[in-house]
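1. the following comprises the amino acid sequence and a computationally predicted model.
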Amino acid sequence: MAHHIQDRNTKSPSGDLGVKTLGIIPARYASTRFPAKPLVDIAGKTMIQRVYEQAKKCDLDKVVVATDDERISSVVKAFGGEVIMTDTKHQSGTDRCAEVALKLPGYDVVINIQGDEPFIDPAQIALVRSCFTDKNIQLATLIKEIHGDDELFNTNIPKVVINANQQAIYFSRHPIPYLRNAEKKEDWVTTHQFYKHIGIYGYTTQTLLEITKLAPSSLELAESLEQLRWLENGYQIQTKVTGIETIAIDTPEDLQKIIF
């Protein structure tokens with residue numbers, strides 16, 4: 001299904017939660033599948049500008065772009081955004097966020113906002129932030145109900161199992177749990193409620209700095225999913241269910257999902 005571009009002008013306040021929150025948008029130039037992705041033009045604005053503007057509609061204390069490339073930095077400054085230069089050797093957006101958190105001390109919570117989702121809804125950012133009204137929350141992310149076989153059996157879409165407290169138990173590229181008594185795979189989505197992972201993260205600053213010191217874990221390497229490293233080391237990931245779909249631009253072909 002194609003999606004029309006629509007600028008959302010309504011602000012989505014997350015309310016006074018008593019926590020000082022920093023929104024970080026990691027953006028790198030040298031993407032393997034889509035080089036220069038943050039600078040691609042989408043109806044007159046770069047992707048990074050669209051992400052930044054959506055993030056600013058949420059009531060965060062500060063929003064910054066974290067990049068290792070001067071070209072991205074220049075574009076962000078040109079549209080009036082804030083940018084922090086980071087090390088070129090980071091292996092993940094989480095690592096890049098940790099460097100920024102150290103450079104900008106004083107924030108209780110960091111929200112890692114994906115730089116390849118130009119139409120992210122501010123309400124989703126606010127939903128992640130709302131998890132931290134509970135002082136015991138270490139990490140938070142979003143999940144969405146799966147209702148179709150195409151998503152359930154797509155290995156590019158991580159699935160997540162949650163417990164009774166909506167904490168993540170496990171993430172996998174395969175459908176989990178396995179439905180032993182389902183006769184046909186077409187019956188799976190009607191027999192059990194599956195969830196997919198929406199890739200936005202929140203962390204307390206302390207937790208963010210801790211998890212970036214962890215070595216890659218066996219589960220992470222097996223599934224190629226970074227969040228398994230955190231679970232394998234005993235961290236709890238709180239989830240909240242969103243009904244809002246996201247549009248991630250991973251390849252040039254993904255741009256065809258958008259009608260200009």
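-> That came through fine.

2. and the spatially most central residue of the chain, how far from D87?
-> The geometric centre of the chain, computed from its C-alpha atoms, lies nearest to I200 (C-alpha atoms, centre = their mean), at 2.1 Å. I200 sits 23 Å away from D87, going by C-beta to C-beta, to the nearest Å. (C-beta placed from N, C-alpha, C; glycine too.)

3. hang on, isn't the residue nearest to the centre of the chain packed against G115?
-> No: I200 lies out of contact with G115 (C-beta atoms under 8 Å); the separation is 11.1 Å.

4. endpoint to endpoint, stretch 197-214 covers what distance?
-> This stretch, stretch 197-214, spans 22 Å end to end (C-alpha to C-alpha, to the nearest Å).

5. I'd like the next helix or strand past the least confident helix or strand in the chain by mean pLDDT.
-> Every helix and strand in the chain was compared by mean pLDDT, DSSP states H and E; the lowest is strand 3-4, with a mean of 44. Remark: after strand 3-4, the chain's next helix or strand is strand 21-27, criterion DSSP states H and E.

6. which outside residues touch that following strand?
-> Residues from elsewhere that reach strand 21-27, judged by C-beta atoms under 8 Å, 6 or more residues apart in numbering: 14, 38, 48, 51-52, 55, 58, 60-67, 69, 72, 93, 96-97, 100-101, 104, 107-115, 125, 129, 132, 205.

7. that strand pairs with which strands, parallel or anti?
-> Strand 21-27 has the following sheet partners, assigned by DSSP bridges: strand 62-67 (parallel), strand 109-112 (parallel).

8. in JSON lines: those, plus distance to V161 and mean pLDDT.
-> Output for the strands paired with strand 21-27, formatted as JSON lines (distance: least, C-beta to C-beta, whole Å; pLDDT from 0 to 100):
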{"stretch": "strand 62-67", "distance to V161": "31", "mean pLDDT": "98"}
{"stretch": "strand 109-112", "distance to V161": "22", "mean pLDDT": "98"}
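
9. pick the most deeply packed of those.
-> Mean neighbour count (mean count of other C-beta atoms under 10 Å) peaks for strand 109-112 among the strands paired with strand 21-27, with a mean of 25.

10. contacts for it, please.
-> By C-beta under 8 Å, 6+ apart, the list of residues contacting strand 109-112 reads 19-24, 26, 60, 93-94, 97, 100-101, 125, 128-129, 132, 200-205, 208.

11. out of those residues, which end up buried?
-> Buried members of these, counted by 16 or more other C-beta atoms under 10 Å: 19, 21-24, 26, 60, 93-94, 97, 100-101, 125, 128-129, 132, 200-205, 208.

12. keeping just the C-alphas, turn stretch 72-79 into CSV.
-> These are the backbone C-alpha positions of stretch 72-79, laid out as CSV (Å, rounded to 0.1, in the frame of the first residue of the first chain):
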residue,chain,number,x,y,z
ILE,A,72,24.8,15.5,7.5
SER,A,73,25.9,18.0,10.1
SER,A,74,25.8,20.8,7.6
VAL,A,75,22.3,19.9,6.4
VAL,A,76,21.0,19.8,10.0
LYS,A,77,22.5,23.1,10.9
ALA,A,78,21.1,24.6,7.6
PHE,A,79,17.5,23.8,8.6
